[in-house]
Structures are given as structure tokens and as C-alpha cells.
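Enquirer: Next one to model:
(chains A, B, C and D)
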There are 2 protein chains.
Amino acid sequence: MRISELAREAGTTPRALRYYEEQGLLRPARLASGYRHYDPQAVGTVRHIQLLLSAGLNTAAIAEILPCIPDDVTVLAPTCPELLDALAVERTRITTSMDRLAAARDVLDRLIQAGPAAGDRS
Amino acid sequence: MRISELAREAGTTPRALRYYEEQGLLRPARLASGYRHYDPQAVGTVRHIQLLLSAGLNTAAIAEILPCIPDDVTVLAPTCPELLDALAVERTRITTSMDRLAAARDVLDRLIQAGPAAGDRS
DNA sequence: CTAAACCTTCACGTTGACGTGAAGGTCAAG
DNA sequence: CTTGACCTTCACGTCAACGTGAAGGTTTAG
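Expert: Down below sits the predicted model:
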């Protein structure tokens, strides 16, 4: 598939896919015309990238981790043991972020309940 | 107190405090010299700001919410009912972020366990 | 009185993940 | 054979929360 189709399938833009390639996250083949050619597995790969990005990992961290993620999401066969430290660091970072989010959400919850709870009868 | 002392107390920098003021989050008094003067409550206010920032709220959202947060953190008395929608939106955003973080952490967990789980007995 | 350590207001620099044209090549359809 | 929808590579723009001097006024300690 070509870049626009992959972008549609994965819910992103051609620009982002070129950026991922520039950062070493994707290595599409090239047609004679110079067009990028992606195999179907790239859809899952891109979804992984987006997921990890939304978790706060930067492209450098994903570039380290991504080669360890096999095509089939559920199988998870050949892991790279050298990266365990990096994985643990990111895991800790994610957990810390979740804790902060939970604390902030508590503040909002108190605000939400403090207001209308007292006297909102309409 | 002056800006450097507040920065120390709240664990941040004078630059950040000036930025918060520029964004309408703080309104310190001014001495005759032009120096900013903060009352002790500002320490808690700044901590709230940092917490909400770390939760992904931007300064505009915090500017809306902050006036509703009373000085005493635990009391939470006079809430602004008009802002309930904004609060709910941010709450949803936070929950969504937490879900994404949890999903990404699951991916990392599978990677962490897939590798050393097979044969790591030490 | 002077030096250190504050403070002030500009105003440009940084970082990351892209957005957004610009200028031009490629390819299937009519 | 030309239109239009693709694609390519630069390369500058964006946004947010500050960092980092620059140039100068203020306050405090000796």
C-alpha cells in the first residue's frame, strides 16, 4: 500500500508517516517511481507508534522499543533483553504520569461535587 | 514574600511564576519598588497550578478553574456552577489519558515479561 | 559607598511532533 | 495529451511552557 492509504487505515496523515520514517520508526520499501510502499503489517506498527506516543514516549524511545514488538500483537515472542532497563524506565514514567493524573482528577472531582451538591435542586 | 522565595517554597522558578502571572493565573501585589509581593496562600495556589499542568491542562483551562479552588485545599466551599462543563471536559480528557497510559503500559509489561520470563530464574 | 544579590521588563531560544505550502515528478482516465 | 490525484523532497511555521541572556533599577550587608 502507499502512504495515503496507510494513513487512512491507521488514522493519521502522510506527513506523520514520513516523520516516523525520518525518526527511524518505519522503513518502507521504495517503488521504481520513488513512491513509498508499505506492507499490511505497517498498519499495526503505526498504531503501536501512536499508542506509545500518546503515552508520552518520544520517538527515540519508541525506536528502541519498536523492533522488539512483533507483527502479531498478542504473541510477543522474541524480546530484546538488553532493553529491559529502558522498558522499566518508561514503565515507571507512565505509572508516575498516571498517579499525577489521578491526583489532578481528584481535585476536579472535589470541585464538581462541591458546587452543585450544595443547593442544586433544579 | 517575594518571587524567589515563593519559587523556592513551591519548587519552581521565578520565570515560571512570571509566566503564570502573564497567563492570568496569579495576581501578586506590587511594592513601591515594582517588586511583586505574594501572600503565603500563593504557595498552595502554585502547587495547584503545577498539579493541573502535569495533568495536561493548559494555562487557559487552569485560568478558568483556578478561581474556583479556595485557599484551603480540603474545604472546597464556593464553586462556580457555570464551569461544570469545562470541569467535566477536563475530567474526561484526564480519564482518556489514563486509559491510553494503561494500554501503553500493558504493551510494555508484555514486552518485559515476554523476554526474561522464559528462562530468567536468577 | 560599594558590591552582592536581589528585582524589573523586553525579547529571542528550545523542544517535539507534526502542519503547511512550494516546486516538481508519476500515473490512471478521458 | 492533458487534467487531476497522487507522490517526492526541502524547508519554514506552530504551539506551550518555560529557559536564557540583556540592560538596568533596588535593597541589603559590610
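Enquirer: Give me the helix or strand of chain A that scores worst on average pLDDT.
Expert: Among the helices and strands of chain A, helix A:84-117 carries the lowest confidence by mean pLDDT, DSSP states H and E, at a mean of 88.
Enquirer: Residue A:99: neighbour count?
Expert: Residues near residue A:99, counting by other Cβ atoms under 10 Å in any protein chain shown, number 12. C-beta here means a position set from N, CA and C on the backbone, and glycine is covered the same way.
Enquirer: Next, the contact list for it, please.
Expert: Applying Cβ atoms under 8 Å, 6 or more residues apart in numbering or on different chains to residue A:99 gives no contacts.
Enquirer: go on, residue A:105?
Expert: Applying Cβ under 8 Å, 6+ apart, we find residue A:105 in contact with B:55, B:91, B:94, B:95, B:98.
Enquirer: Let's see that with 10 Å instead.
Expert: B:55, B:90, B:91, B:92, B:93, B:94, B:95, B:97, B:98 (Cβ atoms under 10 Å, 6 or more residues apart in numbering or on different chains).
Enquirer: Closest one of those to residue A:16?
Expert: residue B:97 (19.6 Å; Cβ to Cβ).
Enquirer: burial measure for that closest one, as a count.
Expert: Counted with other Cβ under 10 Å, residue B:97 comes out at 20.
Enquirer: ok, it - contacts?
Expert: Residue B:97 neighbours (Cβ under 10 Å, 6+ apart): A:54, A:55, A:56, A:97, A:98, A:101, A:104, A:105, B:55, B:56.
Enquirer: Stretch A:15-32 close to DNA strand C?
Expert: Yes: contact of stretch A:15-32 with DNA strand C (Cβ under 7 Å from any atom of the strand) involves A:15, A:16, A:19, A:20, A:23, A:31, A:32.
Enquirer: how about the helices in chain A?
Expert: A:3-10, A:14-22, A:41-54, A:59-65, A:84-117 (DSSP state H).
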